[in-house]
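In: Here is a sequence with its predicted model. Questions after.
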Amino acid sequence: MRWTYETAENKVYVSDGRTLYAHFPADRQVIVTPLSAETQGSTAGLFLTADGDLSEDFAASYEEHPVAEQSWNIRLTPHSSDTDYEWITLTVDRLSLSIMQLSTEDMQGGQSTYIFTDLEENPDLPDSLFQFGIPDNTDVISNNSFN
């Protein structure tokens, strides 16, 4: 997985499936988090991989007021209380069934929304895209709290 934010505060999240790197260039920091089967299953990001099981992991409901015309909003509430979010709402294109938007609410009521544009399904990408090299003069913070 690789997410690059190019907004007011640049940041990069890169995972090779074993380790998650969260890079904050303005702060010259990288947070390194080892991943295990347990931590991967507790994140909203798992939904975007083939490792989740919608019918077993979530209760699904249709939400009125779609974000965009020709879309559906589907709220997914996790069956397990061992997650870092209360719910996930997907906005799905009615024709292609592509995910247009993903919104979450965490246990403290904070909401995050991710809007997806120019999606390509299953592109042939090099493994090097998911390898992260820690830049020089960057503080490394090890986050082992999930293990």
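Out: Thanks, I have it.
In: Buried residues in the helix or strand hosting Ser103, which are they?
Out: Taking DSSP states H and E as the definition, Ser103 sits inside strand 99-105. For strand 99-105, burial by neighbour count (16 or more other C-beta atoms under 10 Å) applies to 99-104. Bear in mind the C-beta positions are built from the backbone N, C-alpha and C, glycine included.
In: and of those, the nearest to Ala59?
Out: Ala59 has its nearest neighbour among the buried residues of strand 99-105 in Thr104, at 15.4 Å by C-beta to C-beta.
In: check contacts around the closest one.
Out: Counting by C-beta atoms under 8 Å, 6 or more residues apart in numbering, Thr104 touches 44, 85-89, 111-112.
In: how far away is it from Pro135?
Out: 29 Å (C-beta to C-beta, to the nearest Å).
In: hmm, back to that, pull out the buried members of the contacts of Thr104.
Out: 44, 85-89.
In: Just name the closest of the residues you listed to Asp57, please.
Out: Ile88 (10.1 Å).
In: By mean pLDDT, which helix or strand of this structure comes out lowest?
Out: The weakest-scoring helix or strand in the chain, judged by mean pLDDT, DSSP states H and E, is helix 37-40 (a mean of 54).
In: The following helix or strand past it - what's its average pLDDT?
Out: Per DSSP H and E, the first helix or strand lying C-terminal to helix 37-40 is helix 54-57. If you average the pLDDT over helix 54-57, you get 78.
In: Can you list the buried residues in helix 54-57?
Out: Buried residues in helix 54-57, counted by 16+ other C-beta under 10 Å: Asp57.
In: what sits against Asp93?
Out: Listed by C-beta under 8 Å, 6+ apart, the contact partners of Asp93 are 70-71, 100.
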